[in-house]
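> 3D model of this:
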Amino acid sequence: MKGVIIMHVRKFCLFVFFFCTASGILIAQVSSIRGSIVEIGTSHPIPNANIQAILQSDTTIGLKATTDTDGNFFFDKLPFGSYKLVVTAIGYKQNSGMTTIADGIASTIDLSLDFESYNLQSIIVTASRKKEMLLDAPASVAVIDERGIAERPAVSYIDHVEGTAGLRTIERGIGYKDIIINRGWGDL
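This next block holds a predicted model:
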C-alpha cells in the first residue's frame, strides 16, 4: 500500500512539473510591436495618434495604443502572428501597415500620415444689445470666406479682419495686434 501511494505521489509530481514547464513555454510565446508615427514629408512626430493592432488570424483580438509626445507607440505581450496596424489622428488621413511577430523577436514599424483638409462653412459673428433676426440687424455684415482667407497671408486671425468696415485693431508693440474693436463698442 505504501508503494502505491509513493507511485501516485511521483506521478503527481511529474504531472505538476510537466504542466508548469509546458505552460511556461506557452506563456513565453508572446512578443511586442513598437514604432513611430510621423508626418509625410516633414517627418515631424504626431503625438496622440491612435493605433489599433488587429491580429489577422483572429480579428476579435484588437489592442489599442496612443502615441506619446515624440510620436512613439508600444504594444506588449502580443501573441505571435501577423498584425494590421490602423492609425488615425485628427487632421490626418487614416493609414495602415502590416507586421509579423514570431520567435519572441520584437517588431518595429514606422508609419506616416498625410494631412487631410476639411471644407468648412463660413461663420458669421454679429453682436447686438437685444435678440434680433439677421435681416433686422441695423449694422453691416461682412463675411470673410475661404477664398479671402487663402488669398491673404496672415500671422493670426486678427490679420484677416483688419481693414473690414466697422472693425479696428489696436497694435501693442511691434507687429503684435491683440484687440479688435467693433464700431461703437469699447473705444478707448
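
> Hmm, residue 109 and residue 33 touching each other?
Yes - because the distance of 6.6 Å satisfies Cβ atoms under 8 Å, residue 33 is recorded as touching residue 109. C-beta coordinates here come from the backbone N, C-alpha and C atoms, glycine included.

> Comparing these two, which shows the higher neighbour count?
Neighbour tally, residue 33 and residue 109, criterion other Cβ atoms under 10 Å: the higher count belongs to residue 33, 22 against 17.

> beta partners for that one?
When assigned by DSSP bridges, residue 33 has beta-bridge partners residue 75, residue 107.

> Per the annotation, how does the chain divide into domains?
30-113, 134-182 (automatic domain parsing).

> distance of the closest residue to residue 112 other than its chain neighbours from residue 153?
Leaving aside its sequence neighbours, residue 112 sits nearest to residue 40 (Cβ to Cβ, 6 or more residues apart in numbering; 4.4 Å). Distance of residue 40 to residue 153, computed by Cβ to Cβ, to the nearest Å: 24 Å.

> Of these two, which one has the most company?
A count of neighbours by other Cβ under 10 Å puts residue 40 above the other of residue 40 and residue 153, at 14 against 8.

> The more buried one contacts residue 114, doesn't it?
Yes - counting by Cβ under 8 Å, residue 40 does reach residue 114; the two are 4.6 Å apart.

> low-confidence ranges in this protein?
1-29, 125-129, 132-141, 155, 166, 168, 171-188 (pLDDT under 70).

> what about 50?
Residue ranges of the chain with pLDDT under 50: 22-26, 28, 187-188.

> before we move on, back to that, got a list of what the residue nearest to residue 112 touches?
Taking Cβ atoms under 8 Å, 6 or more residues apart in numbering, we find residue 40 in contact with 112-115.
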